[in-house]
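let me see the structure of the following:
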Amino acid sequence: MAVDLIVPLKEPNRGKSRLRGALGTAASERCHAGLVLALAADTLGAAVAAPGVRRVLVVGTDPVALAALRGLGVEVVGERATGDHRTDPADPADRTAAPGSPDDGLNAALRTGERILRADDPDGVVGALQADLPALRPGELGAALAEAAGRRAFAADRDGSGTTLLLSAPGLRLTPRFGAGSAQAHARSGAVALAGPLPSLRADVDTAGDLDHARLLGLGEHTLEVLDRACLLS
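Got it, this is the predicted structure:
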């Protein structure tokens, strides 16, 4: 069964605070935002090319960033496209992140995307993919979808605490629980942990060290271009 993916995107100039300085101490806010957007672009390029992926929907708040991604074969929508999506305390899926925290916004963006995708196919499989996987290989993402085989499942990140991919079962809620310790939260909620090695799918980039690790796996063209430009300017 084909999978529709939601990729949440924070405002690039505000996201990835622990990655600041990866382009050098003199890097500007604009350079940092360019790197964050490049990570997302490489993630999306791999996602649209992955076997088993039908649609890729980017949900964000920055119209400039969203416009820059339109040429990658993805759909884009503003985070408030379907109304007010604040945390619902009665929903167990919303209890992981504190209201007003960045992770609360992430889960809200995913719920927005899920509503949009379910409107077209209520019985489909919906997934959440993080936007910071610049070494992602389409074949590895396809292998993860095949391993899930229609089960609600997730891929933990490299250190085992976070989540890079979450998949629903057909027609059932995604129930995102992103935040600190999301891998354990998703496991406790009944999602199956994917067992395949999936190195590029697990290699999310939050720090300069993570970026170095992703570089060893092989970065996508957008991230490489930003890093090469930074070296030329340094």
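
Ala187 and Val125, how far apart?
Applying CB to CB, to the nearest Å, the value for Ala187 to Val125 is 19 Å. Quick note: C-beta positions are derived from backbone N, CA and C, even for glycine.

so these two - more neighbours on which side?
Applying other CB atoms under 10 Å to Ala187 and Val125 shows that Val125 carries more neighbours, namely 25 against 16.

contacts only, for Leu136.
Counting by CB atoms under 8 Å, 6 or more residues apart in numbering, Leu136 touches 42-43, 46-47, 200-201, 203, 220.

excluding its backbone neighbours, what's nearest it?
Ala46 (3.9 Å; CB to CB, 6 or more residues apart in numbering).

three-state assignment of that neighbour?
helix (DSSP: H, G, I helix; E, B strand; the rest coil).

you'd agree Arg54 is in a strand?
Yes - the assignment for Arg54 by three-state DSSP puts it in a strand.

please name the nearest non-neighbouring residue to it.
Ala2 (3.7 Å).

hey, where'd the strands end up in this structure?
3-9, 53-60, 75-78, 125-129, 153-156, 163-167, 192-193 (DSSP state E).

for the third one, name the packing helices and strands.
It refers to strand 75-78. strand 53-60, helix 63-69, helix 102-120 (3 or more CB pairs under 8 Å, 6 or more residues apart in numbering; DSSP states H and E).

any idea which of those is most buried?
strand 53-60 (a mean of 22; mean count of other CB atoms under 10 Å).

quick one, that strand and strand 3-9 angle?
Using axes from the mean of the first three to the mean of the last three CA atoms, to 10 degrees, one finds that strand 53-60 and strand 3-9 are set 20 degrees apart in direction.

hang on, the earlier thing: and the residue nearest to Leu136, what's its pLDDT?
Per-residue pLDDT puts Ala46 at 98.

what about it, neighbour count?
25.

same check on Arg18?
12.

next one: it from Val74, what distance?
Separation of Arg18 from Val74 (CB to CB) stands at 26 Å.

then Thr61?
Applying CB to CB to Thr61 and Val74 gives a distance of 16 Å.

quick one: average pLDDT of stretch 11-26?
For stretch 11-26, the mean confidence score works out to 73.

low-confidence ranges, the protein, go.
Where the chain drops to pLDDT under 70, the residues are 21, 23-28, 80-104, 230-234.
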